[in-house]
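Asker: Provided below for reference: sequence and predicted model.
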Amino acid sequence: MSAYRLMLIGATIAAAVSACAQPALHDSFEAPALDARWTVDSSAEASATVDAERQVLVLQTLDNRYNHVETPLPADFGRVQADLLNINDTAASWSPGVILYWDETNWVQVMLSLTYSLRVNWADGGEGGATGNLRPIIAGTWYRVALEMRPDEIGVLFGEPGGEPAQVATVPRVPAWESAPTLIIGKGYMPIGGGNPDFDNNYSRSTRMTRVEVDDVIVGDPAPLARQLGVESGRGALVAQVAPGSPAEKAGLRPGDVILDVNRKPVSGPGEVAEAIEVMVIRGAPAIGIAAAMGMALAAKQAEDKSAAAFQSHMREAHDRLYATRPTAVNLRWALERVQRLMNSMNGASPREIAAALVEEGKKVLAEDIEINRKMGFNGAEYLEDGDVVLTHCNAGALATGGYGTALGVIRAAIEQGKRIEVVADETRPFLQGARLTVWAVSYTHLTLPTKRIV
């Protein structure tokens, strides 16, 4: 037999083996709509939609309300895997996760909780069990979760996308788990010994909207997809640059300025600003107030060519959308009232004139906040002595304000005066603002101070 024929046969066999090894399901959510294999099972106010641009499944619902997708699995599925992003869901027992569900008293749940950390819950026909605090979960971070079926146990694997997840726990396997389960991905709660089936249980009617994202769901062996899964998509991008001629430039920003980028598109209207506040991309009272003022300016630029009546209607809608993001936030309400007073004082002005005034007002709000921060820092710095150790809670630095910081601004001012300061930052659960933001700001930016973190 010729070498060529051997090569051809070998390639054919390799292709056949590769085809046989492909997972039973791999959904990377590239299609504009949800695959027909999925069933959406959600509370009335919830939504489950595919973001075709970023190629992720987006689940949005209120705190402590169920919202998930599900699909039946074969009895010999072997393994399931999914990438999940918990943006702002602190609902504890309703936190998002991956669930294998046989019936009301037989299920396994891996939960990515900003309150309980990584947690495994299960019901095995009896009392069930739970293993908590397996790994910290950071808001806004992608994680990979896998459940691997073995003869006597189920292995729970966990890691970051782009790498192979490692085992963090095992659950003893019972005979009832030999049959075909349903795969459930998203939010839900199942009390031991009762409740509605399929994790379809609600607790409260809060007004806080939560957001969870899902990508790369795999049923079967993920090995054939290793190279594809190792390539990071742009699904987590949060910043962009202002492009010439873009809505952001028309709103008064300069080409090249770095701005917030939500869902891979520059923020160009009040709806996107509101979303950024809701999912805590914009966080911190001063920053929220500044964003609200600029969101109203963007709304005005969007409608500056409309009639006076249409302009006023558009601005009322923008105001209500932004106000609903954090009704109790003082800076948010203050900024919106300030913008409204300015608009009221311009009775008779054209929409274009009002829009120009609101752009300038947004810039003033930003500049004033930075100046207030600097004065606060200067006045507060006199209370810090050379060599002091300062304990911080949450994050009150430049990332939470217009650019200087309030509490961290005091430390910053002390450093500028030549004082040596050490910072101890607490973790600040469930969003870990201290661990993620304060430690970064103190250790890796203008401060570069000795820092310790309390966990």
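Answerer: Arrived safely, thanks for sending. Numbering: from 1, shown residues only.

Asker: Touching, Leu62 and Arg211? I think so.
Answerer: No. Judged on CB atoms under 8 Å, Leu62 makes no contact with Arg211 at a distance of 11.0 Å. (C-beta placed from N, C-alpha, C; glycine too.)

Asker: Now do the shared contacts for these two.
Answerer: Common neighbours of Leu62 and Arg211, using CB atoms under 8 Å, 6 or more residues apart in numbering, do not exist here.

Asker: Pull out the C-alpha coordinates of the helix or strand containing Asp216 and format them as PDB.
Answerer: Assigned by DSSP states H and E, Asp216 belongs to strand 209-219. The C-alpha coordinates for strand 209-219 follow below in PDB (Å, rounded to 0.1, in the frame of the first residue of the first chain):
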ATOM      1  CA  MET A 209     -32.500  44.200  39.000                       C
ATOM      2  CA  THR A 210     -29.700  41.600  38.800                       C
ATOM      3  CA  ARG A 211     -27.700  40.400  35.800                       C
ATOM      4  CA  VAL A 212     -26.000  37.200  35.100                       C
ATOM      5  CA  GLU A 213     -24.300  36.100  31.900                       C
ATOM      6  CA  VAL A 214     -23.600  32.600  30.500                       C
ATOM      7  CA  ASP A 215     -21.300  31.400  27.700                       C
ATOM      8  CA  ASP A 216     -19.800  28.200  26.300                       C
ATOM      9  CA  VAL A 217     -22.200  25.500  27.700                       C
ATOM     10  CA  ILE A 218     -20.800  22.100  26.900                       C
ATOM     11  CA  VAL A 219     -22.300  18.700  27.400                       C
END
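
Asker: and that strand, what does it pack onto?
Answerer: In this structure, strand 209-219 packs against strand 25-27, strand 56-62, strand 79-86, strand 182-187, with contacts taken as 3 or more CB pairs under 8 Å, 6 or more residues apart in numbering; DSSP states H and E.

Asker: want to try TSV for the ones you listed, with distance to Lys301 and mean pLDDT as columns?
Answerer: Below are the helices and strands packed on strand 209-219 laid out as TSV (distance: least, CB to CB, whole Å; pLDDT from 0 to 100):
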stretch	distance to Lys301	mean pLDDT
strand 25-27	38	89
strand 56-62	27	91
strand 79-86	31	93
strand 182-187	36	96
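
Asker: Identify whichever of these lies nearest to Glu164.
Answerer: strand 79-86 (10.5 Å; CB to CB).

Asker: Can you pull the phi and psi angles for the residue nearest the centre of the chain?
Answerer: Central residue of the chain (CA atoms, centre = their mean): Ile87, 2.2 Å from the mean position. With angles defined as degrees, to the nearest 10, Ile87 shows backbone torsions of phi -80, psi -50.

Asker: How confident is the prediction for it, by pLDDT?
Answerer: With respect to pLDDT, Ile87 has a value of 80.

Asker: Phe158 now?
Answerer: 96.

Asker: ok, now Arg338?
Answerer: 97.

Asker: check which helix or strand covers it.
Answerer: helix 330-345.

Asker: which of the residues in that helix are buried?
Answerer: Under the neighbour-count criterion of 16 or more other CB atoms under 10 Å, helix 330-345 has Asn331, Leu332, Ala335, Leu336, Arg338, Val339, Leu342, Met343 buried.

Asker: Show me what it packs onto, helices and strands only.
Answerer: helix 285-302, helix 308-323, helix 351-381.

Asker: chain center to it: distance?
Answerer: In terms of CA atoms, centre = their mean, to the nearest Å, the centre of helix 330-345 is set 29 Å apart from its chain centre.

Asker: again, but for stretch 287-299
Answerer: Worked out by CA atoms, centre = their mean, stretch 287-299 lies 21 Å from the chain centre.

Asker: what does stretch 428-448 give?
Answerer: Per CA atoms, centre = their mean, the centroid offset for stretch 428-448 relative to its chain is 18 Å.

Asker: Please enumerate residues in contact with that stretch?
Answerer: 88, 90, 113-115, 136, 138-139, 280, 283, 392-395, 397-400, 405, 408, 411-412, 415, 423, 425-427, 449, 451, 453-455.

Asker: quick one: average pLDDT of that stretch?
Answerer: 72.

Asker: Can we start the residue count at 176 from this point?
Answerer: Noted, 176 is the first residue going forward, which turns the last one into stretch 603-623.

Asker: If we go by neighbour counts, what in that stretch is buried?
Answerer: So for stretch 603-623, counting by 16+ other CB under 10 Å, buried means 603-614, 616-617, 622.

Asker: now, the most widely separated pair of those residues?
Answerer: Pro605 and Leu622 (25.4 Å).
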